[in-house]
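Asker: build me a model from this:
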Amino acid sequence: MSDATALDHADAMIEQAWKRPIAELEEAAPRLPVEDAMLRAAMHRRSHLVIVSNSIAAHQDRLHALTRPGHVPAFYDLDRITVSASALRTAYAESNTAVQMIRHIIDARELALTSEGGPDAERVRAATARTSQTPRPLGLPADQPALRSTAAVAQTVANRR
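Answerer: As a prediction, the model looks like this:
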């Protein structure tokens, strides 16, 4: 059994897909949410995976402390052992789900990159348009940019001090 965790596996997948180190991608994801929505989604799932990995470590430590060699658990420890084991299994399931979500995001990104000129290009452009922050009016073609709302214009004018 290898010592690689789900977080290590996710980091390797993300680094391979974007061909940049994970530290660099962590800095770029919040700054460019509209330009690369897939990166932002993958990094969001990765941050969830970091929390779950910490939870796994805490549950493992607690379970090892309750079941250490030479220690006979008391009656009230049996419930703690059961709860810790159940929480550990749940955390592992969440971890596996997060890795699968990251894999699906990367697969969708690769599909979007390969179908730029293919028959699904129109659907990819439409999906990309839906992820932008500006709501699109109904009936507007996917290749035509949406007009900026008056609230967005007013906000940019107000921030020019």
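Asker: list the buried ones in stretch 12-24?
Answerer: Buried residues in stretch 12-24, defined by neighbour count with 16 or more other Cβ atoms under 10 Å: 13-14, 17-18. Bear in mind the C-beta positions are built from the backbone N, C-alpha and C, glycine included.
Asker: save these as JSON lines, and put in secondary structure too.
Answerer: Converted to JSON lines, the buried residues of stretch 12-24 look like this (DSSP: H, G, I helix; E, B strand; the rest coil):
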{"residue": "13", "secondary structure": "helix"}
{"residue": "14", "secondary structure": "helix"}
{"residue": "17", "secondary structure": "helix"}
{"residue": "18", "secondary structure": "helix"}
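Asker: I'd like to know which of these is nearest to residue 26.
Answerer: residue 14 (9.7 Å; Cβ to Cβ).
Asker: for that closest one, which non-adjacent residue is spatially closest?
Answerer: Leaving aside its chain neighbours, residue 14 sits nearest to residue 42 (5.6 Å; criterion: Cβ to Cβ, 6 or more residues apart in numbering).
Asker: the nearest residue to residue 85 once chain neighbours are set aside: what's it in contact with?
Answerer: Excluding its sequence neighbours, the residue lying closest to residue 85 (Cβ to Cβ, 6+ apart) is residue 63, at 6.1 Å. Residue 63 makes contacts with 81, 84-85, 88, as judged by Cβ atoms under 8 Å, 6 or more residues apart in numbering.
Asker: which among those residues end up buried?
Answerer: Using 16+ other Cβ under 10 Å as the burial test, the contacts of residue 63 include 84, 88 as buried.
Asker: what's the farthest-apart pair in the contacts of residue 63?
Answerer: Maximum pairwise distance in those, criterion Cβ to Cβ, is 10.5 Å, between 81 and 88.
Asker: still on that earlier bit, the residue nearest to residue 14 and residue 52: what is the separation?
Answerer: For residue 42, the distance to residue 52 (Cβ to Cβ, to the nearest Å) stands at 15 Å.
Asker: just residue 74 next, same as before
Answerer: In this structure, residue 74 and residue 52 are 30 Å apart, going by Cβ to Cβ.
Asker: cool, and residue 37?
Answerer: With distances taken as Cβ to Cβ, residue 37 is found 23 Å from residue 52.
Asker: could you do residue 10 as well?
Answerer: Using Cβ to Cβ, we find residue 10 at a distance of 11 Å from residue 52.
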